[in-house]
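**Student:** Predicted model and sequence follow; I will ask about them next.
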Amino acid sequence: MVSDYERQRLLNIQRNKALLTSMGLDKPFFEPEEVKRQKPSKSAPKKRKAEEHDGAPDAKKATRVESVKSTDSGEASPLRRSSRNAGKTVDYKSEKQTGSHLPISFKSGIREMENSGPLGREAGSKRIHNPKTYGSIPGIEVGTWWETREACSADAIHAPWVGGIAVGPQGAYSVALSGGYPGGARFRSDDIDFLKVLSLSDDVDWGYAFTYTGSGGRDLKGTKANPLNLRTAPQSSDQTFENNFNKALKISAETKKPVRVIRGFKVDSPYAPYEGYRYDGLYRVEKANFLHSIAWQEQGMDGFLICKFAFKRLPEQPPLPRRAAIDESEDHAADKDDGANEAAQNEASDEE
DNA sequence: GGGCCCGCAGGG
DNA sequence: CCCTGCGGGCCC
């Protein structure tokens, strides 16, 4: 049996899908080579320029993942993981620690190195690049992976440690899909615990297009005597475009400035990394939609209004990595029937 | 797993 | 200076 809240969430998801579809973002508009796998000749090995740097296996110090070191030395690291080996997240974790399957670009970000190759920061975590720039950061390739948001910040990809939107005058510099801000939908589970609030998002992620929830509308302050100072709180008011973060994304939709996108492991999406945070390249805000979906108060009937944004990935970037199909069937079975995912699914399963 | 609380970086 | 924000680590 489905609670009213879950029903509303599913409705919101349908709305978000409709939002993307109405703009033609359900079509396989992205890289043709991603779609037509039947061309065996040219698509296979090179693709990632990341592998050019593969000759430098000198992982001096890993920030935190000490075991991600030179065990991967000579191997040509495949871009995608075989779905055969991908039954469990645990498997991936061990793979990550040996590093055997990871392209170099997945490791470059987690190292603090002196001068070996283009990096976003110096040894002492000092930035060499300014995060307040539109577009890519020199030396940081699409697909670069970090353990923490702090590391993302140090490499100038996404400056805020916590915030999801990096604000600039002509639009957002970058956004983080981190999963910790359900925003668009906070639901009470009637089925399990009457007071339990589930943090389920209604956002749709088709990889090359996705919806994004705005900021605000949550009371993070609490009272003077009892300041909440938490990073999560139930939606307690409407979101508006007066909010600086939302305003920035609205401006992005007007200026069409590119926005750097990182996906975090907490995102409920087949395009989310299993661990850490990954730079997925440049997107554009195609649309800023006011009052698109509804978040529900704990009491129920009073919905809060949410700012929704539609993102589209810019062309001529490396293909997006995608979780193996077997994991997705566990995660959630949504988005099975859209063209974009169909193509990506072929991509994911073609290594069998 | 959940609750608490400490940060930082950025913006006003 | 003040505040916030889709972290992270600690504790239980």
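**Tutor:** Thanks, I have the structure now.
**Student:** For the stretch 151-300 of chain A, which residues score under the pLDDT cut-off?
**Tutor:** Residue ranges of the stretch 151-300 of chain A with pLDDT under 70: A:180-200, A:218-235, A:290-300.
**Student:** Distance check, the residue in chain A positioned nearest to DNA strand B against A:Ala176.
**Tutor:** Of all residues in chain A, A:Ala159 sits closest to DNA strand B, at 3.2 Å by Cβ to the nearest atom of the strand. C-beta here means a position set from N, CA and C on the backbone, and glycine is covered the same way. Shown here: A:Ala159 relative to A:Ala176, a distance of 10 Å by Cβ to Cβ, to the nearest Å.
**Student:** Looking at these two, which one has more neighbours?
**Tutor:** Comparing A:Ala159 with A:Ala176 by other Cβ atoms under 10 Å, the one with more neighbours is A:Ala176, at 26 against 18.
**Student:** residues touching the more buried one, list them.
**Tutor:** Taking Cβ atoms under 8 Å, 6 or more residues apart in numbering, we find A:Ala176 in contact with A:Arg149, A:Cys152, A:His158, A:Pro160, A:Gly163, A:Gly164, A:Ile165, A:Val261, A:Ile262, A:Gly264, A:Tyr277.
**Student:** pretty sure the fifth one is touching A:Asn244, no?
**Tutor:** Looking back up the chat, that one is A:Gly163. No - if you go by Cβ atoms under 8 Å, A:Gly163 and A:Asn244 don't touch, sitting 10.2 Å apart.
**Student:** So for A:Ser136, what's the pLDDT?
**Tutor:** At A:Ser136, the predicted lDDT confidence score is 95.
**Student:** ok so it is a strand residue?
**Tutor:** No - remark: A:Ser136 does not belong to a strand; assigned using DSSP: H, G, I helix; E, B strand; the rest coil, it is coil.
**Student:** Please report phi then psi for it.
**Tutor:** Backbone torsions of A:Ser136, given as degrees, to the nearest 10, read phi -70, psi 160.
**Student:** That one and DNA strand C: what is the separation?
**Tutor:** As judged by Cβ to the nearest atom of the strand, to the nearest Å, A:Ser136 and DNA strand C stand 21 Å apart.
**Student:** neighbours around that residue, how many?
**Tutor:** 17.
**Student:** Distance of it relative to A:Ala156?
**Tutor:** 10 Å.
**Student:** before we move on, back to that, can you tell me which residues contact the residue of chain A closest to DNA strand B?
**Tutor:** A:Ala159 sits next to A:Pro131, A:Lys132, A:Ser153, A:Ala166, A:Tyr173, A:Ser174 when contact means Cβ under 8 Å, 6+ apart.
**Student:** any idea how far it lies from DNA strand C?
**Tutor:** From A:Ala159 over to DNA strand C the distance is 9 Å, taken as Cβ to the nearest atom of the strand.
**Student:** For that residue, which non-adjacent residue is spatially closest?
**Tutor:** Closest residue in space to A:Ala159, ignoring its immediate chain neighbours: A:Pro131 at 3.9 Å, by Cβ to Cβ, 6 or more residues apart in numbering.
**Student:** swap in A:Lys247?
**Tutor:** Closest to A:Lys247 by Cβ to Cβ, 6+ apart is A:Phe241, at 5.4 Å.
**Student:** is it fair to say that neighbour lies in a strand?
**Tutor:** No - secondary structure assignment (three-state DSSP) places A:Phe241 in coil, not in a strand.
**Student:** shouldn't it be in contact with A:Lys250?
**Tutor:** Yes - with contact defined as Cβ under 8 Å, A:Phe241 reaches A:Lys250; the gap is 5.3 Å.
**Student:** Cross-check the contacts of A:Ala159 against DNA strand B and keep the overlap.
**Tutor:** A:Pro131, A:Lys132, A:Ser153, A:Ala166 (Cβ under 7 Å from any atom of the strand).
**Student:** The last one belongs to a strand?
**Tutor:** Yes - going by three-state DSSP, the assignment for A:Ala166 places it inside a strand.
**Student:** Against A:Thr255, how distant is it?
**Tutor:** 15 Å.
**Student:** which one of those two has more residues nearby?
**Tutor:** Between A:Ala166 and A:Thr255, A:Ala166 has the larger neighbour count (other Cβ under 10 Å), namely 21 against 15.
**Student:** And the more buried one, how far from A:Ala159?
**Tutor:** The spacing between A:Ala166 and A:Ala159, counted by Cβ to Cβ, is 5 Å.
**Student:** what's A:Arg149 in contact with, if anything?
**Tutor:** Contacts of A:Arg149 by Cβ under 8 Å, 6+ apart are A:His158, A:Pro160, A:Trp161, A:Val162, A:Ala176, A:Ser178, A:Gly264, A:Tyr277.
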